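**Q** Could you work out the structure for the sequence below:
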Amino acid sequence: MLRFNDLFQWDRFITPTIIKSFYWLVIVLIGLFGVSGIFSALTLMAVSPFGGFVALLASLAGTLVGIIFSRIAAEFILIVFRMNEHLGAIRDQGRQR
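**A** You can find the predicted model right below:
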């Protein structure tokens, strides 16, 4: 759990605690942009049916790719912090000998 004191001390990283909140914020933003793109594509279909259809497919594909890449980025950040914790444990284990 993130405490207020953790913001002013460097003994513990806060990023692993808040990365999930940022991930869900990014998912919501991607969803909003996706819905916006879908509505724009539907509006474009009134002018050009083929262009609107292509824009609709591009909007759906962009939303899907954005969700996947945001998950990959969040997992990468968590992996880096987890590697740091494991390397610290290995270093501490070597000091005990």
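
**Q** Output the contacting helices and strands for the longest helix seen in the chain.
**A** For the chain, the helix that runs over the most residues, judged by DSSP state H, is helix 49-96. Judged by 3 or more Cβ pairs under 8 Å, 6 or more residues apart in numbering; DSSP states H and E, the packing partners of helix 49-96 are helix 15-47. The way it works is simple: take the backbone N, C-alpha and C, and place the C-beta from them, glycine included.

**Q** looking at the chain, which helix or strand is least sure?
**A** helix 49-96 (a mean of 91; mean pLDDT, DSSP states H and E).

**Q** Between helix 15-47 and that helix, find me the angle.
**A** Inter-element angle recorded for helix 49-96 and helix 15-47: 170 degrees (by axes from the mean of the first three to the mean of the last three Cα atoms, to 10 degrees).

**Q** what sits against the nearest residue in space to Leu56 that is not next to it in sequence?
**A** Of all residues not flanking Leu56 in the chain, Ala41 sits nearest, at 3.8 Å (Cβ to Cβ, 6 or more residues apart in numbering). By Cβ atoms under 8 Å, 6 or more residues apart in numbering, the contact list for Ala41 reads Gly52, Phe53, Ala55, Leu56, Ala58, Ser59.

**Q** Could you turn the buried ones of those residues into a ChimeraX selection?
**A** Buried residues within the contacts of Ala41, by 16 or more other Cβ atoms under 10 Å, are selected in ChimeraX with:
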select :52,55,56,59
